[in-house]
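**Q** the amino acid sequence is not available; the structure is as follows:
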Ligand SMILES: NC(=O)C1=CN([C@@H]2O[C@H](COP(=O)(O)OP(=O)(O)OC[C@H]3O[C@@H](n4cnc5c(N)ncnc54)[C@H](OP(=O)(O)O)[C@@H]3O)[C@@H](O)[C@H]2O)C=CC1
Ligand SMILES: O=C(O)[C@@H]1CCC=N1
């Protein structure tokens, strides 16, 4: 796609997207321009690894971007957008990948410009072109812009359009989700080591086991519950393990975990909104 992207924020999420786009040969390095707040070393690192353009020159960023991606922490977004508050081109879509910050927050930041805002939550599996990216559209997004945004995220995985009101839930489930899976995988690797399995082999065994299980669920033929019951013979090994999971309320704990993350996404938005209210219209 011959389309210029300006990315504000050069952290883990920005890098995961860049890596995925380049891996899929869908966007060329010269089409990507990245900036951050102050970390020069990080910008050097990104240029070296991906040959993308980097700068802190606001005019260059503005000039380059046919689409802006805001990938800083929620608390930093207003500072990050400040240089573009008056100069943002009205037809340039602005994609935010931030937790908690709503489409309305961003639209209201530009009261005199009908900026097409998209709130998207990719995840770091973008690196391997396997992100799940839910997104919600703002009022000023045209069909053509929607098509472009969908392409941009399809290059790094799967997409799902959802109502904006569900974006905090999406953040909790798919944005943070890989972290919980990695934690689970780490626990399985630790168990493997304890029962005498070689570390390197354990990593392969665990990741393939998760991949296979995930692919089975993706066929949509059977529910997770049916699938685990298929594995569980009465009095067998699976049941022995499951008894421990139930005893420790692992399912309830995971539900609680996702609910907490959901609440935190809302809190992040609310707390930033409080800070912002006073100066939004300055
Ligand atoms: N990590 C993840 O898996 C996911 C993250 N997200 C969201 O993506 C966003 C970024 O997360 P992540 O990449 O992990 O965060 P990082 O902390 O890794 O990166 C944040 C980046 O924002 C930059 N930044 C801060 N202030 C400004 C500013 N005023 N102008 C320009 N750049 C600025 C920082 O620059 P500097 O280092 O110079 O301060 C840094 O490069 C967050 O809002 C998060 O909610 C969404 C889905 C998944
Ligand atoms: O932990 C966070 O706040 C970000 C949002 C989704 C994933 N990471």
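**A** Alright, I've got the coordinates. Just so you know, these numbers come straight off a predicted model, no measurement behind them. Ligands and ions are numbered 1, 2, ... in the order given.

**Q** make it CA atoms for all contacts and neighbour counts henceforth
**A** Will do.

**Q** what ranges do the strands span in the stretch 151-282 of the chain?
**A** For the stretch 151-282 of the chain, the strands defined by DSSP state E, counting those that start in this stretch cover 157-161.

**Q** in it, where is pLDDT below threshold?
**A** For the stretch 151-282 of the chain, the stretches with pLDDT under 70 are 275-282.

**Q** that one against ligand 2: which residues are in contact?
**A** Counting by CA under 6 Å from any ligand atom, the stretch 151-282 of the chain comes close to ligand 2 at 171, 175, 176.

**Q** could those residues go into TSV alongside neighbour count?
**A** Shown next, in TSV, are those (neighbours: other CA atoms under 10 Å):
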residue	neighbour count
171	27
175	26
176	19
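
**Q** when you check ligand 1, which of these turn up near it?
**A** Among these, the residues that sit close to ligand 1 (CA under 6 Å from any ligand atom) are residue 175.

**Q** all helices of the stretch 151-282 of the chain, in order?
**A** 167-170, 177-194, 199-218, 224-231, 237-247, 250-277 (DSSP state H, counting those that start in this stretch).

**Q** most neighbours per residue, which of the ones you listed?
**A** Stretch with highest mean neighbour count among these: helix 167-170 (a mean of 24; mean count of other CA atoms under 10 Å).

**Q** and for residue 91, the neighbour number?
**A** Per other CA atoms under 10 Å, the neighbour tally for residue 91 reads 16.

**Q** let's have the chain start at 6 instead
**A** From this message on, residue numbering opens at 6, which makes the last subject residue 96.

**Q** that one reaches residue 118, doesn't it?
**A** No - counting by CA atoms under 8 Å, residue 96 stays clear of residue 118, with 9.0 Å between them.

**Q** which residues do these two both contact?
**A** Between them, residue 96 and residue 118 share no contacting residue under CA atoms under 8 Å, 6 or more residues apart in numbering.

**Q** next one: residue 232 from residue 135, what distance?
**A** From residue 232 over to residue 135 the distance is 23 Å, taken as CA to CA, to the nearest Å.

**Q** equivalent analysis for residue 259, please.
**A** Taken as CA to CA, the span from residue 259 to residue 135 is 22 Å.

**Q** now swap in residue 116 and tell me
**A** Taken as CA to CA, the span from residue 116 to residue 135 is 36 Å.

**Q** the two: which is more packed in?
**A** Using other CA under 10 Å as the criterion, residue 116 and residue 135 rank with residue 135 on top: 17 against 13.
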